[in-house]
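>>> Got a predicted structure here, sequence first:
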Amino acid sequence: MPKVHHTKKLTAVYDRLYAHYGPQHWWPGDTDVEIITGAILTQNTSWGNVAKAIANLKAVTALELEPLLAIPEERLAELIRSSGYYRQKAARLRGFFLWLGSLNSGDWRAWLKKTPMNEARAALLAVHGIGPETADSILLYGADRKTFVIDKYTLRFGARYGLYAEKTKYEEARTYFMDHLPSSAKLYNEYHALIVRLGATACKSKPLCAACPLNQTCRAGKKAV
DNA sequence: GCCCAGGTGGGTA
DNA sequence: TACCCACATGGG
């Protein structure tokens, strides 16, 4: 398929999702530190469990690096217990914030904003516990950088709607979206959020459930029930 | 009780 | 590279 066709299809799917669900207002968090915290806590975990953990943190301290790092790891783990893998995530949160605070003489916000994408992304990926989805979430939702976030839903979504092959991996899918969409953080933000919304509601069933707003373009093959 | 959730890292063949 | 497993709570 020629490139322009992929662009048209991707854009049409986006328009359909947006018309159906409306703006998703992602990321659900007020500050960059809150967004980063959520990005780590939501690894393989439902958002509801993460929201409780973040509420617990907010109840005891400001969501900034120093106060968060002042919490002993065991205490931190208890506060985020509801998000699952809590001992592991407590260590990862601390490790990440320690690393973040060491950047750019402490001006890590400027570092996140200004460091060339490939360099910043590679640096994030080198931190223990930060994989591609978390790195891209931090850059896109926490620093307004132009990178597309891929997740389980997005891989399934792209394969199901015939954008790319079933076994397409993270980096390839990310490149696909970025190569075929206008380069816009706002668009990347909303598109990923809409895919998650679709995946979390309509797109799990086979055959497609009647609520799927993409029935007409989906090629899962099964007729909508 | 079973399955899954906005992943990641380590180990083995 | 390709699987497998641990990590863990909470909702449907």
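Nice, I can see it. Residues are numbered from 1 along each chain as shown, chains lettered A, B, ... in the order given.

>>> Phi, psi for whichever residue of chain A sits closest to DNA strand B please.
Nearest to DNA strand B, among the residues of chain A, is residue A:131, at 2.1 Å (C-beta to the nearest atom of the strand). No exception for glycine: its C-beta is placed from N, CA and C like everyone else's. In terms of degrees, to the nearest 10, the main-chain angles of residue A:131 are phi -100, psi -170.

>>> Tell me who's in contact with it.
Going by C-beta atoms under 8 Å, 6 or more residues apart in numbering, residue A:131 touches A:43, A:125.

>>> What is the neighbour count of the residue in chain A that DNA strand C sits nearest to?
Relative to DNA strand C, the nearest point of chain A is residue A:84 (2.6 Å; C-beta to the nearest atom of the strand). Counted with other C-beta atoms under 10 Å, residues neighbouring residue A:84 total 17.

>>> Identify the residue nearest the residue nearest in space to the middle of chain A in space, chain neighbours excluded?
Nearest to the geometric centre of chain A sits residue A:137, at 4.2 Å (C-alpha atoms, centre = their mean). Once flanking residues are discounted, residue A:137 sits nearest to residue A:39: 4.2 Å by C-beta to C-beta, 6 or more residues apart in numbering.

>>> Residue numbers of chain A in contact with DNA strand B?
Residues of chain A found near DNA strand B (C-beta under 7 Å from any atom of the strand) are A:26-28, A:38-39, A:42-47, A:49, A:84-85, A:88, A:127-135, A:137, A:141, A:151-153, A:196, A:199-200, A:204.

>>> repeat that with 6 Å
A:27-28, A:39, A:42-47, A:84-85, A:128-134, A:137, A:151-152, A:196, A:200, A:204 (C-beta under 6 Å from any atom of the strand).

>>> of the residues you listed, buried ones?
If you count burial by 16 or more other C-beta atoms under 10 Å, the buried members of these come out as A:27-28, A:39, A:42-43, A:45, A:84, A:130, A:132-134, A:137, A:151, A:196.

>>> To what extent is residue A:186 buried, counted in neighbours?
10.

>>> my bad, should have said residue A:100
Here the number of neighbours of residue A:100 (other C-beta under 10 Å) works out to 21.

>>> related to what we said a few turns ago, just list the residues touching the residue nearest to the centre of chain A, thanks.
Applying C-beta under 8 Å, 6+ apart, the residues near residue A:137 are A:27, A:35, A:39, A:149.

>>> Could you report the pLDDT at the second one?
This means residue A:35. Reading off the confidence values, residue A:35 has pLDDT 98.

>>> Report the secondary structure state of it.
helix (DSSP: H, G, I helix; E, B strand; the rest coil).

>>> re earlier: gap between the residue lying closest to the residue of chain A closest to DNA strand C once chain neighbours are set aside and residue A:80?
With C-beta to C-beta, 6+ apart as the measure, residue A:45 is the residue that lies nearest to residue A:84, at 4.8 Å, once sequence neighbours are left out. Residue A:45 is 10 Å from residue A:80, where distance means C-beta to C-beta, to the nearest Å.
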